[in-house]
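Colleague: Would you be able to build a 3D model of this:
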Amino acid sequence: MQYDVKTPAEYMDKLDPDWRRRTLEELRALIKSAAPRLEEGINYKMLSYSDARGAVFHLNAQKSYVSLYVGDAGKIDTDGTLLAGLSVGKGCIRFSKSVNPADTGIATFIERTVALHDQGEDIGC
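Modeller: From the prediction side, this is the model:
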């Protein structure tokens, strides 16, 4: 879903108080913990986390899942172990209602993404 908002606070206010909001809040906290220097904003009508070099993450609540967007997940999790059991596209990791982020390797994936970004590695598509 896309929300016509200008700030992260407005985005969060638009979300229903359901599992999607809880999942998004959990992923948001993981990103903020791993990369407090990234600026949270709105880009492409979703939450974004970026620095002077550009966006590192985007988060969005869809109807049936919550999406965490990265450049190319395969460049970050080369052997697929961190994202095992998740619905993964090239640059999109989808969390459905039945998936608890705490029960996955997403925290380590986020930390690895930030480390690679900070080292200047190409993690884009």
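Colleague: and the helix or strand encompassing Ser48, which residues are buried?
Modeller: If you go by DSSP states H and E, Ser48 is part of strand 46-51. Residues Met46, Leu47, Ser48, Tyr49, Ser50 are the ones in strand 46-51 that count as buried (16 or more other Cβ atoms under 10 Å). All C-beta atoms are positioned from the backbone trio N, CA, C, and that covers glycine.
Colleague: who touches the second one in this structure?
Modeller: Residues in contact with Leu47 (Cβ atoms under 8 Å, 6 or more residues apart in numbering) are Pro8, Tyr11, Leu24, Arg28, Glu40, Gly41, His58, Leu59, Asn60.
Colleague: switch the cut-off to 10 Å
Modeller: 3, 5, 8, 11-12, 24, 27-28, 31, 40-41, 57-61, 68-69 (Cβ atoms under 10 Å, 6 or more residues apart in numbering).
Colleague: ok, now which ones touch Leu27?
Modeller: Leu47, Phe57, Leu59, Val66, Ser67, Leu68, Ile93, Phe95, Pro101, Ile106, Ala107, Ile110.
Colleague: let's see it at 6 Å
Modeller: Contact analysis of Leu27 by Cβ atoms under 6 Å, 6 or more residues apart in numbering lists Leu59, Leu68, Pro101.
Colleague: Most neighbours of all those, which one?
Modeller: Leu68 (29 neighbours; other Cβ atoms under 10 Å).
Colleague: That residue belongs to a strand?
Modeller: Yes - under DSSP: H, G, I helix; E, B strand; the rest coil, Leu68 falls within a strand.
Colleague: on that earlier part again, check the average confidence over the strand holding Ser48, would you?
Modeller: For strand 46-51, mean pLDDT rounds to 97.
Colleague: And for stretch 95-110?
Modeller: 97.
Colleague: In the buried residues of strand 46-51, find the pair that's most separated.
Modeller: Within the buried residues of strand 46-51, Met46 and Ser50 form the most distant pair, 12.2 Å apart (Cβ to Cβ).
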